[in-house]
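*Asks:* My questions are about this predicted structure, shown below with the sequence.
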Amino acid sequence: MESVSRARVRFAPSPTGDLHVGNARTALFNWLFARRYGGQFVLRIEDTDRLRTSEAFESRIMGDLHWLGMEWDEGPGKDSRHGPYRQSERLDIYTRHLGVLVREGKVYPCYCTDEELEAERSRLLSRGIAPRYAGNCRNLTEEKKKKLEGEGRKPAWRFAVDEGDIEFDDLIRGAMRFSGSDLGDFIAVRSNGIPAYNFAVVIDDHLMEISHVIRGEDHLSNTAIQLLLYRAFGFEAPLFAHHALILGKDRSKLSKRHGAVTVREFRKKGVLPEALVNYLALLGSSFGDGTEVLSVEEMVRVFSLHRAGKSGAVFGEEKLEWLNNLYIRKYENRNLAGLLAPYLKDAGYETESRGEEWLDAVIDTVKGNLRVLSDITDYIDVYYDDRYDITKEAREILREEMSRDIVNVLAEALNDPRCPDENPYSFLMESLRKRTVLKGKSLFMPVRAAVTGKTWGPELNHVMNILGKESLRRRVQWAVEAAR
């Protein structure tokens, strides 16, 4: 088991889009780690790219974290001495730190244009060489600098990388090594004064006293760059842990072409937050005894970076929806009714006039079939006469001679004065069994087709008892007409 004396972790999204499930999983790992070791979970907004970031996305990301139950201890709305927590509000901090590296000669001005850099990159690629900056501006004379500045060029600031190795122990992947010669002199601050990602992250993580950086394996090369900056500033580096990425079914990085990939999309479908958190915690990690359904408290109690897998985990919506169905079944009908209400309203279903007892009874019959909350509209229509419609498959069954006979007997039983107005199922089915001497599918399928207009759905006894005699009479008459 890990030995952690201090745990301050952070989740630092860039608000350029909605919260991706892969990023939500990174946030979850950090949140669980902080809760497991009694530490702090910090939210930092990396919004220096003002052209692509937006306040709307920032608000939606924070809303999704709230919905998932991942409340932050410090961050926007929860300020402390480590703030501000938006990088756009920390630009003066980055400027001061750049000044330190400039004075110590650890960075140099680079006047190369985007076109020149792209041409250099293309040349290297054409020769089969991994592109990296060749250091063209590393040793410019003062005279050359003045000439380039006279042409109107504004320099970016590049970090002068030594050729030695950069090594660190990853808490998930073990010993890691990168060569400085492969990295090239990277940009610390752009020509417009905006810090590059790695430069800002190192300063922020240090000043916010982050103890552990837990993130995806696609950041491994960034870690090598960041360690160079930690050394240059004389900062103590945090511990690093790089978990595997979430993959699509083709084992490529999960993207829009695989289907829904954002938390907001799954919220809209009707995935419950506890189901999504449970599923993300399972992806690429193990809880030891094969348990798949865990409460948040259980996840916190057993969470360990050592259980995080090194290979990518395939995201499967089928497994997520299976888990979601288990959580839906656990809900009390009254509570579930509140969650289903928006989907029913959007689809035009009016429930208030029918009363809470009626809705409770309906939900009780369908919730076992709901993979996601939005599925409710595929099942509840059988309880509305104005939504009654006979599918092609049901119509074919009703046109069979034996089915017509069964439906005619059902119509007669509904007109029997002994048939109760409420809960008529037992009386009607007993009458059908006596008159037709049939049972099983051969009896139930024609009845289902006539009563619901479908060949599938909630259990027939519940449907017929909830509908009552008068609704059943109307439907059977419609079925008789459709079978002609």
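*Replies:* Now that the structure is in, tell me what you want to look at. Numbering: from 1, shown residues only.
*Asks:* who touches Thr48 in this structure?
*Replies:* 87-88, 91, 194-195, 200 (Cβ atoms under 8 Å, 6 or more residues apart in numbering). Just so you know, the C-beta spots here come from the backbone N, C-alpha and C atoms, and that holds for glycine as well.
*Asks:* Now do the phi/psi pair for the residue positioned nearest the centre of the chain.
*Replies:* Among the residues of the chain, the one closest to the centroid is Val21, at 2.8 Å (Cα atoms, centre = their mean). Per-residue torsions, Val21: phi -60, psi -30 (degrees, to the nearest 10).
*Asks:* so how far is Ala27 from it?
*Replies:* Between Val21 and Ala27 the distance is 10 Å, computed by Cβ to Cβ, to the nearest Å.
*Asks:* Kindly report the same for Leu65.
*Replies:* 6 Å.
*Asks:* list residues touching both of these two?
*Replies:* Phe11.
*Asks:* Would you mind telling me which of those two has the busier surroundings?
*Replies:* Ala27 (27 against 23; other Cβ atoms under 10 Å).
*Asks:* Once you drop chain neighbours, what's closest to the more buried one?
*Replies:* Leaving aside its sequence neighbours, Ala27 sits nearest to Phe11 (Cβ to Cβ, 6 or more residues apart in numbering; 4.2 Å).
*Asks:* Per-residue pLDDT of that neighbour, please?
*Replies:* Looking at Phe11, its pLDDT stands at 98.
*Asks:* Backbone dihedrals for it, please?
*Replies:* phi -120, psi 130.
*Asks:* Run a quick neighbour tally on Leu133.
*Replies:* Let me fix one detail, which is that residue 133 is Tyr and not Leu. 19.
*Asks:* same thing with His243?
*Replies:* 26.
*Asks:* Quick check: bridge partners of it?
*Replies:* Gly216 (DSSP bridges).
*Asks:* Number the residues from 43 up from this point.
*Replies:* That works, and once the first residue is 43, the last one we named lands at His285.
*Asks:* Roughly how far does it sit from Gly81?
*Replies:* 18 Å.
*Asks:* now the end-to-end length of stretch 379-396.
*Replies:* 13 Å (Cα to Cα, to the nearest Å).
*Asks:* If we go by neighbour counts, what in it is buried?
*Replies:* For stretch 379-396, a neighbour-count test (16 or more other Cβ atoms under 10 Å) marks 379, 382-383, 385-386, 391, 393 as buried.
*Asks:* same question, stretch 75-91
*Replies:* Buried, per 16+ other Cβ under 10 Å, within stretch 75-91: 75-79, 81-90.
*Asks:* Any idea how far apart the tips of it sit?
*Replies:* End-to-end for stretch 75-91, by Cα to Cα: 29 Å.
*Asks:* what about the strands in the stretch 193-342 of the chain?
*Replies:* 198-201, 207-212, 216-221, 229-231, 254-258, 281-285, 288-289 (DSSP state E, counting those that start in this stretch).
*Asks:* contacts for the first one?
*Replies:* So that's strand 198-201. Contacts of strand 198-201 (Cβ under 8 Å, 6+ apart): 140, 143-144, 148-152, 175, 179-180, 227-233, 241, 267, 270-271, 274.
*Asks:* do the shortest one as well
*Replies:* The set of residues external to strand 288-289 that reach it, using Cβ under 8 Å, 6+ apart, is 63-64, 67, 295-296, 325-326, 354-357.
*Asks:* Next: stretch 314-328.
*Replies:* By Cβ under 8 Å, 6+ apart, stretch 314-328 touches 63, 66-67, 70, 74, 109-111, 285-286, 288, 305, 308-309, 329, 334-338, 341, 345, 349-351, 353-355, 357, 361-362, 365-366, 368-370, 381, 415.
*Asks:* Check those for burial and list the buried ones.
*Replies:* Using 16+ other Cβ under 10 Å as the burial test, the contacts of stretch 314-328 include 63, 66-67, 70, 74, 109-110, 285-286, 288, 305, 308-309, 329, 336, 338, 341, 345, 350, 354-355, 357, 362, 365-366, 369-370, 415 as buried.
*Asks:* Out of those residues, list just those in helices.
*Replies:* The helices, defined by DSSP state H, take in 63, 66-67, 70, 74, 109-110, 305, 308-309, 338, 341, 362, 365-366, 369-370 from the buried ones among the contacts of stretch 314-328.
*Asks:* Confirm for me that Lys311 is in contact with Val414.
*Replies:* Yes - taking Cβ atoms under 8 Å as the definition, Lys311 is a contact partner of Val414 at 4.7 Å.
*Asks:* Can you give the domain ranges for the protein?
*Replies:* 50-118+289-356, 132-285, 374-422, 430-526 (automatic domain parsing).
*Asks:* For the longest one, what does the pLDDT average out to?
*Replies:* Confidence over domain 132-285, taken as the mean pLDDT, stands at 94.
*Asks:* start to end distance for it?
*Replies:* Using Cα to Cα, the span of domain 132-285 from its first residue to its last is 29 Å.
*Asks:* mind listing the helices for the stretch 393-526 of the chain?
*Replies:* 398-408, 418-421, 434-440, 443-456, 467-478, 483-494, 502-524 (DSSP state H, counting those that start in this stretch).
*Asks:* List just the one of the ones you listed that sits closest to Glu100.
*Replies:* helix 418-421 (31.8 Å; Cβ to Cβ).
*Asks:* helices or strands up against the closest one?
*Replies:* Packing partners of helix 418-421 (3 or more Cβ pairs under 8 Å, 6 or more residues apart in numbering; DSSP states H and E): helix 375-388.
*Asks:* Not counting the helix it packs on itself, show me its contacts.
*Replies:* 312, 314, 370, 373, 393, 398, 401-402, 405-406, 409, 415-416, 418-419, 422.
*Asks:* Check the offset of it from the chain's centre.
*Replies:* 22 Å (Cα atoms, centre = their mean, to the nearest Å).
*Asks:* same deal with stretch 393-412?
*Replies:* Distance of stretch 393-412 from the chain centroid (Cα atoms, centre = their mean) equals 29 Å.
*Asks:* So for it, first residue to last residue, what's the gap.
*Replies:* 18 Å.
*Asks:* Outside of it itself, list whatever touches it.
*Replies:* By Cβ under 8 Å, 6+ apart, the list of residues contacting stretch 393-412 reads 312, 367, 370-371, 373, 375-376, 378-379, 382-383, 386, 417-418, 421-422, 425, 500-501, 504-505, 508.
*Asks:* average model confidence for it?
*Replies:* 93.
*Asks:* Buried residues in that stretch, which are they?
*Replies:* Result for stretch 393-412 [16+ other Cβ under 10 Å]: buried residues 393, 401, 403-405, 407-409, 411-412.
*Asks:* any idea how far the residue lying farthest from the centre of the chain is from Val489?
*Replies:* Largest separation from the mean C-alpha position in the chain: Pro459, at 56.2 Å (Cα atoms, centre = their mean). Here the criterion is Cβ to Cβ. By it, Pro459 lies 21 Å from Val489.
*Asks:* Check Ser168 too.
*Replies:* 73 Å.
*Asks:* which one of these two has more residues nearby?
*Replies:* Val489 (24 against 8).
*Asks:* Cross-check the contact I'm expecting between the more buried one and Ile448.
*Replies:* Yes - counting by Cβ under 8 Å, Val489 touches Ile448, with 6.6 Å between them.
*Asks:* what's the overlap in contacts for these two?
*Replies:* Leu474.
*Asks:* before we move on, back to that, would you turn the helices of the stretch 393-526 of the chain into CSV with distance to Pro57?
*Replies:* CSV is the format used below for the helices of the stretch 393-526 of the chain (distance: least, Cβ to Cβ, whole Å):
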stretch, distance to Pro57
helix 398-408, 37
helix 418-421, 32
helix 434-440, 48
helix 443-456, 59
helix 467-478, 55
helix 483-494, 47
helix 502-524, 47
